[in-house]
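**Student:** just coords:
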């Protein structure tokens, strides 16, 4: 059931990416898609009633540590990519005076 | 209108395609990797935290690429945010605002504890939940509070970028030490029979390097955004 919820989050991001008129909102939609992908990966490694993948206590079933290790790097990369995109938005606003897709793309340079 | 309807049709098609692909997930779901890490992870990496063991030993290549992408993104942000008119934009955005006195007082109280917690999370990343990435983000938040207390404490981004490049090469060098002791790249250079304390030297070193790198990268990005205020 839970992987279906994550694909719904990803689809909401895709829908927003296709319909948003503002560049900053598009950046937000990319972030939403990324959150959905992270949830999907963590769901695939999840185990009902499993314990954290840290040894040392008396534990039997651990959740899969590989998706968690992959997602740590994804979160850091995602934050930097968002920062890069927002910095581009600031530059676009300084050069074009607007962050609307229609005004930026329709302007003849 | 027709575009909106076709978009919704496309999304529904993607949804059912995904549904079809996960409907028999149990058929090819394997716990082999998990069982392997559970049985051998502590012996081979010396890390109680299996996640740390994976991203510092088995898949250090991923962490190296992550560090490289971090450098690329920080360099990109700094390069894009360059100004032609320097004297007009050299001042920080915070200079124009007056930070409330209450905020400054509480920031001074919280700052040392945040820094200490971040360093704790970095140093104990191999035995408890934590690690270089998470601790680095906490340390970066603590350093960013300093900007609110006194914006003159800002370091130049060029210096931070230089330190980041040196750190990236250092991580590469520390990862390559194992080539001379074991014959393979990017693994723990100490022997399998070594004690946990000896093995954790490698893990703590890499965690500290990655933590400093992540925190400096986030601070550099924030500083670039602050300088953007006109």
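**Tutor:** Thanks, I have the structure now. Predicted, not measured: the structure shown is a model, and the values here were computed from it.

**Student:** contacts and neighbour counts: CA atoms only from here.
**Tutor:** Will do.

**Student:** tally of neighbours for residue B:7?
**Tutor:** For residue B:7, the number of neighbouring residues by other Cα atoms under 10 Å in any protein chain shown comes to 16.

**Student:** quick one, grab the pLDDT at residue A:79.
**Tutor:** Among the per-residue scores, residue A:79 shows a pLDDT of 89.

**Student:** and it, that's in a strand?
**Tutor:** No. Using DSSP: H, G, I helix; E, B strand; the rest coil, the secondary structure at residue A:79 is helix, not a strand.

**Student:** what about the closest residue to residue B:19 other than its chain neighbours, neighbour count?
**Tutor:** Sequence neighbours aside, residue A:4 is the residue nearest to residue B:19 in space, at 7.0 Å (criterion: Cα to Cα, 6 or more residues apart in numbering or on different chains). The tally of other residues near residue A:4 (other Cα under 10 Å) stands at 16.

**Student:** hang on, residue A:4 packs against residue B:21?
**Tutor:** No. At 10.7 Å, residue A:4 does not count as touching residue B:21 under the criterion of Cα atoms under 8 Å.

**Student:** residues contacting residue B:168?
**Tutor:** B:64, B:67-68, B:213 (Cα atoms under 8 Å, 6 or more residues apart in numbering or on different chains).

**Student:** okay, those residues in a markdown table with secondary structure next?
**Tutor:** Shown next, in a markdown table, are those (three-state DSSP):
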| residue | secondary structure |
| --- | --- |
| B:64 | helix |
| B:67 | helix |
| B:68 | helix |
| B:213 | helix |
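
**Student:** follow-up on the earlier one: which strand or helix spans the residue nearest to residue B:19?
**Tutor:** Secondary structure from DSSP states H and E places residue A:4 in helix A:2-19.

**Student:** what number of residues lie near residue 42?
**Tutor:** If you meant another chain, say so; for now it's chain A. Around residue A:42 there are 21 residues (other Cα under 10 Å).

**Student:** ah, I was thinking of chain B
**Tutor:** Counted with other Cα under 10 Å, residue B:42 comes out at 18.

**Student:** do the one 3 residues further on as well
**Tutor:** Look at residue B:45: counted by other Cα under 10 Å, it has 29 neighbours.

**Student:** likewise residue B:135?
**Tutor:** Neighbour count for residue B:135, taken as other Cα under 10 Å: 28.

**Student:** and residue B:58, by the same measure?
**Tutor:** Residues lying near residue B:58 (other Cα under 10 Å) number 19.

**Student:** kindly report the same for residue B:29.
**Tutor:** Neighbours of residue B:29 (other Cα under 10 Å): 10.

**Student:** residue B:1: which of the contacts of residue B:168 is nearest?
**Tutor:** The nearest member of the contacts of residue B:168 to residue B:1, counting by Cα to Cα, is residue B:68 at 43.8 Å.

**Student:** find the nearest non-adjacent residue to the residue in chain B that chain A sits nearest to, please.
**Tutor:** As assessed by Cα to the nearest Cα, chain A sits closest to residue B:49 within chain B, at 4.3 Å. Take residue B:49 and drop its neighbours on the chain: the residue closest to it by Cα to Cα, 6+ apart is residue A:54, 4.3 Å away.

**Student:** which other residues reach stretch B:10-22?
**Tutor:** Contacts of stretch B:10-22 (Cα under 8 Å, 6+ apart): A:3-4, A:7-8, A:11, A:15.

**Student:** would you point out the most distant pair within those?
**Tutor:** Top of the distance list for the contacts of stretch B:10-22 (Cα to Cα): A:3 and A:15, 18.4 Å.

**Student:** ok and the residue in chain A nearest chain B?
**Tutor:** Taking Cα to the nearest Cα, chain A has residue A:54 as its residue nearest chain B, at 4.3 Å.

**Student:** thought residue B:127 was touching that residue, still the case?
**Tutor:** Yes. Judged on Cα under 8 Å, residue A:54 makes contact with residue B:127 at a distance of 7.4 Å.

**Student:** tell me, what's touching those two both at once?
**Tutor:** Shared contacts of residue A:54 and residue B:127, counting by Cα under 8 Å, 6+ apart, come down to B:48-49.

**Student:** in contact with residue B:42, which residues?
**Tutor:** If you count contacts by Cα under 8 Å, 6+ apart, then residue B:42 has A:55, B:48, B:50, B:53 around it.

**Student:** mind listing the helices for chain A?
**Tutor:** For chain A, applying DSSP state H gives helices covering A:2-19, A:23-44, A:65-96, A:101-106.

**Student:** which strands and helices sit next to the second one?
**Tutor:** Secondary-structure packing of helix A:23-44 (3 or more Cα pairs under 8 Å, 6 or more residues apart in numbering or on different chains; DSSP states H and E): helix A:2-19, helix A:65-96.

**Student:** quick check: residues of chain B near chain A?
**Tutor:** Contact residues, chain B versus chain A (Cα under 8 Å from any Cα of the partner chain): B:7-8, B:11, B:15, B:18-19, B:22, B:34, B:38, B:42, B:48-52, B:54-55, B:62-63, B:66, B:69-70, B:73-74, B:76-77, B:80-81, B:127-129, B:133, B:218, B:221, B:225.
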